[in-house]
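**Q** next input, structure requested:
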Amino acid sequence: RGLTESVQTLARSFDETAVSFASEGDEVDRLSHALDVLRKSSRRAMVSEANLKAAVENMVEGIVMISADGKVALHNQRLLKIFGLPPMTAIGLPRGEFNAMLVGALRWPQSAQDYLQRQLAEIRADGNYRVFDVELPDNRVLRYSASMLVDGNVMSYIEDISEQRAAAASILRLAHYDTL
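**A** Numbers count the residues shown, from 1 in each chain. Got it, this is the predicted structure:
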């Protein structure tokens, strides 16, 4: 009897709407019903997780979430592609080690590394949302959008805007020399 009540309580915690446990039937029936609720809830959670993972992996931007304890909590493969790194999972890596891997892949000058670290440190300190560009020596420009979440995690979106910058510069050049 104690097992059935425990499983029913657990099932209620997963799905409050679907848990009308009738007092009819024997204990095996009630336990079976509670386990069925748990299975359905588990399936819904797995589908939701799969959908979220698909959304994250199909984003145009690279994303990374650094947990409040300073470790990579989430990232997508697009982020690694932006930095020219092979597919991998970096979840659990300390922030410093992860950042060193990223900036090392693009051979960032120290000034760009310092600028990025200053921006991210300010976000961690004041929690404000920031958008900033990091210009690299190979004419690449990475746009960072970053903010602190309510749980202390820092979420960053990184986009390579090099082509956009080059196109805008070409348009300005053409407009400047256009004799019309």
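**Q** contacts and neighbour counts: CA atoms only from here.
**A** Will do.
**Q** so where do the helices sit in the chain?
**A** 2-14, 27-57, 77-82, 95-106, 110-126, 162-177 (DSSP state H).
**Q** next, count neighbours for Y144.
**A** If you count neighbours by other Cα atoms under 10 Å, Y144 ends up with 22.
**Q** surely it and S156 touch.
**A** Yes - Y144 is within contact range of S156, at 6.5 Å (criterion: Cα atoms under 8 Å).
**Q** closest to R140 out of the helices of the chain?
**A** Nearest to R140, of all the helices of the chain, is helix 162-177, at 4.9 Å by Cα to Cα.
**Q** mean confidence for stretch 131-144?
**A** The pLDDT scores in stretch 131-144 average 90.
**Q** now it, how far from the centre of its chain.
**A** Stretch 131-144 has its C-alpha centroid displaced from the chain centroid by 20 Å (Cα atoms, centre = their mean, to the nearest Å).
**Q** now do the buried residues in that stretch.
**A** Buried residues in stretch 131-144, counting neighbours by 16 or more other Cα atoms under 10 Å, are found at 133-136, 140-144.
**Q** of the helices of the chain, flag the one that's most buried.
**A** The highest mean neighbour count among the helices of the chain, using mean count of other Cα atoms under 10 Å, belongs to helix 77-82: a mean of 19.
**Q** so which elements touch that helix?
**A** Applying 3 or more Cα pairs under 8 Å, 6 or more residues apart in numbering; DSSP states H and E, one finds that helix 77-82 makes contact with strand 62-66, strand 154-160.
**Q** off-centre distance for the last one?
**A** If I follow you right, that is strand 154-160. With Cα atoms, centre = their mean as the basis, the mean position of strand 154-160 lies at 9 Å from the chain mean.
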